[in-house]
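A.B. asks: Got a predicted structure here, sequence first:
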Amino acid sequence: LARTEDGVFAVNDICSHAEVSLSEGEVYDGTIECWLHGSCFDLRTGKPTNPPATAPVATYKIKVEDGDVYVSLASDD
């Protein structure tokens, strides 16, 4: 999960390029950056915004209700 000024987003935690945890990376400008090789993924679509990653990561539908975040485990892609 990532919270930005645009809302809350849920993406798969594993980088599609290097198979490392994305949750250890930085979130900025609507993306999450893989800490190992620097690929960034759009939090809305899961698509990579720069190399070396070429494949997207899965995104998931979320709902925020009374301060609680609910995540659908079905892939949104």
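C.D. replies: In hand now; what should we look at?

A.B. asks: how close does the residue nearest the centre of the chain get to Glu5?
C.D. replies: Taking C-alpha atoms, centre = their mean, the centroid of the chain lies closest to Val11, which sits 3.6 Å from it. Separation of Val11 from Glu5 (C-beta to C-beta, to the nearest Å): 17 Å. Where C-beta positions appear, they are placed from N, C-alpha and C, glycine not excepted.

A.B. asks: Pro56: how many residues sit nearby?
C.D. replies: Using other C-beta atoms under 10 Å, Pro56 is surrounded by 16 other residues.

A.B. asks: Would you mind confirming that it is in contact with Gly46?
C.D. replies: Yes: assessed by C-beta atoms under 8 Å, Pro56 is found in contact with Gly46 at 4.1 Å.

A.B. asks: Name the surrounding residues that touch the lowest-mean-pLDDT helix or strand in the chain.
C.D. replies: Here the helix or strand of the chain ranked lowest by mean pLDDT, DSSP states H and E is strand 68-75, holding a mean of 87. Under the criterion C-beta atoms under 8 Å, 6 or more residues apart in numbering, residues Leu1, Val8, Ala10, Ala58, Thr59, Tyr60, Lys61, Ile62, Lys63, Val64 lie in contact with strand 68-75.
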